[in-house]
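> coords please:
(one chain, ligands or ions: 1)
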Amino acid sequence: MTAESSVFDYIIVGGGTAGVVIASRLSTYLPTSRVLLLEAGPDATSHPSVTNPIAFPGLSSAEFQGNSWTVDHSTVPQEHCNNRRIFNPAGRLLSGSSAINVGIWMRASRTDYSLIAEKAGHERFTFEKLLPYFKRLETHWDKDAELRYHGFEGPIHTLGGRKYPLRETIQRSAEVLGHHYNPDAMKGDPTGLADMTQCFRAASESSSERQHSSRVYELSGVHVMCDTPVARILVDTSKRTTGVELVDGRKLYASREVVLSCGTQKTPQILMLSGIGPKDELSKHNIPIIIDSPAVGQNLFDHSALTLYFALKNPKQGLGLPFEGTMKPEYGQGMPWEFNIFANIPASTLEPKLAHDGLISASRDKEELHPHLRPQRCHFLNFPFYFPILATPSYNPSINPLTGTHIAITSLHLLPLSRGGISLHSASADDAPIIDPRYLSTTTDRYIMRTAVQEALALISTPPLSNHILCETPPIPSPLNNNTIFPALTATSSDDEVDARIRAYVQTIAHPMGTCALGTVLDAEFRVKGVDGLRVCDASVFPEPLGAMPSLTIFALGEVVADLIAGREGRESKL
Ligand SMILES: Cc1cc2nc3c(=O)[nH]c(=O)nc-3n(C[C@H](O)[C@H](O)[C@H](O)COP(=O)(O)OP(=O)(O)OC[C@H]3O[C@@H](n4cnc5c(N)ncnc54)[C@H](O)[C@@H]3O)c2cc1C
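Residues are numbered from 1 along each chain as shown. Below you'll find the model as predicted:
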């Protein structure tokens, strides 16, 4: 590389979900600028395993940890998960995790965005202010949806509106339990039973394509360097960011700004390796301190998930579906599930748990409502699959995913109060960071997780759905779970039985967030406090959990950052 070609105006580090959006938009908004996108992994944008959504289980499951497109960010042993290390994959290729994820496309509640706005210190993070960005992203599948809430010209095409054989049955059982049908969960209150949307684009009557970031955002005006991991950010003595140092030792320079978008685990590691982080942590590894930023790497949280498998009474009825059989128009050409059931836990039952954790006091002022008690906050989400997703031969040898014998329900804890962190193994960029989300380390979190699972069991036990279900199929005793015998769970299982299953099998569906938060590490324009010319934009920026799967919001935040850099905030984008 010549001296001239090592200088750019903007360097975006991390060509993942947010990074691609920012690089693409900057090259369009500022066409005379030289924009460089640096990605650690390869470019597999058009590879069939990435574009075909049903290849997803292979890309991200534990069995595929050796896959070069998936990096394993497994945690340290988790005290409240039987001291298990929890497998946590992320994409390591152009498009990042958007190239390997499940494509579920969700907005959170107004209340969640308001809380983020409060913590970040700016109203640009409220639902109303983000709504134009949500609309800008999408070509929404439902042409009859309200124009006020949906976009129909955005780069990301979505699919929804499914009609699987169990649809009405599940809806009726959910309604018996008080979950009303929510015709559009994207309008700021997802509570209830809502149709699933996925960010896939119909390619034919029987196939669809994943809408990962580099597939849908134009990169022709961007200088893209793949297989080019960055080791650290370069900052001069006046605390001005000047560029980046690659793992191979080369240096590249940015005359205007560097944006770090390497995801929740790698972004804080790169900041710390660059001398921006908690001073004690940096000193431990003899890293010269540029900025003592105590919150870098702190505030790690993630959605915990437990999946249960239910044997069908009569598999020949065709209610359970093999994964590959669902790419049909009547099934919305998506994956075999159609509902998200978002639910709140009543304040009266949550308050004692929050008090036990010392998060509220009995004498508190009514004005100081704990965020978990605000209206429209969805504490958990249950989603039924017509397919035994993630069942493994090691634990569930009797489940054959291809023969339609089982359905599954995943329970997801959306609003964790537990906070962990990312710290350094060493001062070397070659070493993975230490990842400790401290899953389920508060009483309230354990209670929410248990309630979510009990609600899934109640759904399965309620007619008419119960008429089709034989029983839950528990994991078999194996050396992997200390040969523990787990009884089949039912709606009458004790709290202890449910908790034991959670401790043994809870996992993550890879939504870590929070380690370079707006309001602490970053100002409200995503600038790293104390340094000039450096921003962060990826899943690490959330100061508070988002009660929804995060990728839609991360795409939107990428759009916001591009607008801020290009001085376009508030202008409507027609691209
Ligand atoms: C298996 C799986 C399923 C998921 N399912 C869903 C879902 O259905 N719906 C949903 O909303 N969310 C889902 N998620 C979460 C969602 O995909 C992520 O939260 C989101 O994509 C994260 O975006 P990001 O920009 O923070 O990071 P990423 O998209 O992960 O991008 C980070 C990029 O930085 C690169 N990078 C890292 N280190 C370096 C370095 N040193 N130098 C250069 N580049 C570097 C990485 O290779 C990667 O490309 C899922 C995630 C996974 C892993």
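> Check the gap between Leu350 and the ligand for me.
25 Å (C-beta to the nearest ligand atom, to the nearest Å). To be clear about C-beta, it is placed using only N, CA and C from the backbone, and glycine gets the same treatment.
> So which bits of the stretch 51-200 of the chain are right by the ligand?
Within the stretch 51-200 of the chain, the residues that sit near the ligand (C-beta under 6 Å from any ligand atom) are 60, 89-92, 96-98, 100-104.
> Now with 8 Å, please.
Applying C-beta under 8 Å from any ligand atom, one finds that the stretch 51-200 of the chain approaches the ligand through 56, 59-60, 70-71, 88-106, 198.
> residues contacting Lys143?
Phe152 (C-beta atoms under 8 Å, 6 or more residues apart in numbering).
> Give me the pLDDT value at it.
For Lys143, the pLDDT comes out at 94.
> And the one 4 residues further on, by the same measure?
pLDDT recorded at Leu147 is 97.
> got it, and the one 10 residues further on?
Among the per-residue scores, His157 shows a pLDDT of 97.
> right, and it touches Arg210 too?
No. His157 is beyond contact range of Arg210, at 10.5 Å (criterion: C-beta atoms under 8 Å).
> Give me the more crowded residue out of the two.
Arg210 (25 against 18; other C-beta atoms under 10 Å).
> Kindly list the main-chain dihedrals of that one?
Backbone geometry at Arg210, expressed as degrees, to the nearest 10, gives phi -60, psi 140.
> Any figure for the gap between it and the ligand?
Distance from Arg210 to the ligand, by C-beta to the nearest ligand atom: 11 Å.
> heads up, I number from 54, so please use that
All right, first residue 54 from here; so that's Arg263.
> For the closest residue in space to that residue that isn't next to it in sequence, give me its contacts.
Closest residue to Arg263 apart from its sequence neighbours, by C-beta to C-beta, 6 or more residues apart in numbering: Pro106 at 4.9 Å. Taking C-beta under 8 Å, 6+ apart, we find Pro106 in contact with 156, 251, 253, 261-263, 387-388.
> can you rerun that using 10 Å?
Going by C-beta atoms under 10 Å, 6 or more residues apart in numbering, Pro106 touches 154-156, 212, 251-254, 260-265, 380, 386-388.
> What's the ChimeraX syntax to select whichever of those residues are buried?
In ChimeraX syntax, the buried subset of those is picked out as below (16 or more other C-beta atoms under 10 Å):
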select :154,155,156,212,251,252,253,254,260,261,262,263,264,265,380,386,387,388
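> Could you tell me which of the contacts of Pro106 belong to strands?
253-254, 260-263 (DSSP state E).
> Could you save those as TSV and add columns showing pLDDT?
Output for the ones in strands among the contacts of Pro106, formatted as TSV (pLDDT from 0 to 100):
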residue	pLDDT
Phe253	92
Arg254	92
Ser260	81
Ser261	87
Glu262	91
Arg263	91
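> Tell me the residues of the stretch 454-603 of the chain that contact the ligand?
482, 562-566, 590-593, 601-603.
> Reformat those as TSV; add neighbour count.
Shown next, in TSV, are those (neighbours: other C-beta atoms under 10 Å):
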residue	neighbour count
Ala482	16
Ile562	20
Ala563	25
His564	25
Pro565	25
Met566	27
Cys590	30
Asp591	32
Ala592	30
Ser593	32
Ala601	26
Met602	24
Pro603	24
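> State the pair within the residues you listed that is farthest apart.
Ala482 and Ala601 (32.5 Å; C-beta to C-beta).
> quick one, what contacts the closest residue to the ligand within the stretch 54-203 of the chain?
Across the stretch 54-203 of the chain, the shortest distance to the ligand (C-beta to the nearest ligand atom) belongs to Gly69, at 1.7 Å. Neighbour list for Gly69: 92-94, 143-152, 265-267, 314-316, 319, 591-592, 607, 611 [criterion: C-beta under 10 Å, 6+ apart].
> ok, now with 6 Å
Applying C-beta atoms under 6 Å, 6 or more residues apart in numbering to Gly69 gives the contacts Gly149.
> mind checking how far it is from His478?
Taking C-beta to C-beta, to the nearest Å as the measure, Gly69 falls 22 Å from His478.
> Quick check: Pro437 touching Ala461?
No. If you go by C-beta atoms under 6 Å, Pro437 and Ala461 don't touch, sitting 7.2 Å apart.
> so what are the domain limits for this structure?
57-114+141-155+265-353+565-619, 214-248+357-466+493-558 (automatic domain parsing).
> if I've got this straight, Arg268 is in a helix?
Yes. Assessed with DSSP: H, G, I helix; E, B strand; the rest coil, Arg268 lies in a helix.
> Go ahead and flag the most central residue of this structure.
The centre of the chain sits closest to His564, judged by C-alpha atoms, centre = their mean, with a distance of 3.2 Å.
> That one - nearest residue in space that isn't next to it in sequence?
Per C-beta to C-beta, 6+ apart, closest to His564 is His356, 4.5 Å.
> Pull the contacting residues for that neighbour.
465-467, 564.
> 7 Å - rerun?
Neighbouring residues of His356 by C-beta atoms under 7 Å, 6 or more residues apart in numbering: 465-467, 561-562, 564.
> For it, give its distance to Pro598.
Using C-beta to C-beta, His356 is found at 8 Å from Pro598.
> so what sits against both of those two?
Leu467.
> hmm, back to that, can you tell me how far the residue nearest to Arg263 is from His265?
Distance, Pro106 to His265, by C-beta to C-beta: 10 Å.
> will you turn the contacts of His356 into TSV that also has secondary structure?
Output for these, formatted as TSV (three-state DSSP):
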residue	secondary structure
Leu465	strand
His466	strand
Leu467	coil
Thr561	strand
Ile562	coil
His564	coil
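> Farthest-apart pair in the residues you listed, please.
Leu467 and Thr561 (12.6 Å).
> So between the two, which is more surrounded?
Leu467 (25 against 22).
> contacting residues for the more buried one?
Going by C-beta under 7 Å, 6+ apart, the list of residues near Leu467 reads 356, 431-434, 598, 600.
> show me where the stretch 104-253 of the chain has helices.
109-113, 163-173, 180-190, 220-229 (DSSP state H, counting those that start in this stretch).
> Tell me which of those sits most buried.
helix 163-173 (a mean of 22; mean count of other C-beta atoms under 10 Å).
> Hey, what's the angle from it to helix 180-190? Just curious.
Angle of helix 163-173 versus helix 180-190, following axes from the mean of the first three to the mean of the last three C-alpha atoms, to 10 degrees, is 110 degrees.
> Which strands or helices does helix 163-173 pack on?
helix 180-190 (3 or more C-beta pairs under 7 Å, 6 or more residues apart in numbering; DSSP states H and E).
> just checking, what packs against the helix it packs on?
Helix 180-190 packs on helix 163-173, helix 604-619, going by 3+ C-beta pairs under 7 Å, 6+ apart.
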